[in-house]
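> need a structure here:
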Amino acid sequence: MNKVDWERPLTEDEKEFLEHMIEGLPNYIARQRVHIFLGGWFEGKTLANADLNGDGPRSMIKGGRRVLYETRDLVEWAIRYFGIKRIENKLLFVRARAA
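Numbers count the residues shown, from 1 in each chain. Next up, the predicted model:
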């Protein structure tokens, strides 16, 4: 299983990605709707499993039968859990050079 290292500082790319992801989102996201608000990046079941293993996002709120996450903590958790990597679009680069 992935272990989230909350002590590791985020890289500049990770910080930039975090800020772009949370822009315009609500302060809290329900586990059942995470795939909608985060563009299908992962499913609520992934969160449920991580929570069960004690490796989920830092903050979680239970409201009735629903579980909510603070958006910033949720996205930061996903960055740390899955990792991100910037990939340059080489096809566009080749087209630009050919023109």
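
> ok, how many other residues are close to Asp5?
9 (other CB atoms under 10 Å). The C-beta positions use only the backbone N, C-alpha and C, and glycine is treated the same way.

> tell me the contacts of Gly44?
With contacts defined as CB atoms under 8 Å, 6 or more residues apart in numbering, the neighbours of Gly44 are Arg31, Gln32, Arg33, Val34, His35.

> just the buried members of these?
By neighbour count, with 16 or more other CB atoms under 10 Å, the contacts of Gly44 hold Arg31, Gln32, Val34, His35 as buried.

> Would you reformat these as CSV and include pLDDT, distance to Arg66 and secondary structure?
Output for those, formatted as CSV (pLDDT from 0 to 100; distance: CB to CB, whole Å; DSSP: H, G, I helix; E, B strand; the rest coil):
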residue, pLDDT, distance to Arg66, secondary structure
Arg31, 96, 7, helix
Gln32, 95, 7, helix
Val34, 96, 12, helix
His35, 95, 15, helix
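
> Would you point out the most distant pair within the residues you listed?
The largest separation in these, counting by CB to CB, is between Arg31 and His35 at 9.7 Å.

> Give the buried residues for stretch 18-38.
Buried residues in stretch 18-38, counted by 16+ other CB under 10 Å: Leu18, Met21, Ile22, Ile29, Ala30, Arg31, Gln32, Val34, His35, Phe37, Leu38.

> Of those residues, which is the nearest to Ala78?
Using CB to CB, the shortest approach to Ala78 within the buried residues of stretch 18-38 belongs to Leu38, at 7.1 Å.

> who's in contact with that closest one?
Applying CB under 8 Å, 6+ apart as the definition, the contact partners of Leu38 turn out to be Met21, Ile29, Leu74, Val75, Ala78.

> Which of the residues you listed fall in helices?
Under the assignment DSSP state H, the contacts of Leu38 contribute Met21, Leu74, Val75, Ala78 to helices.
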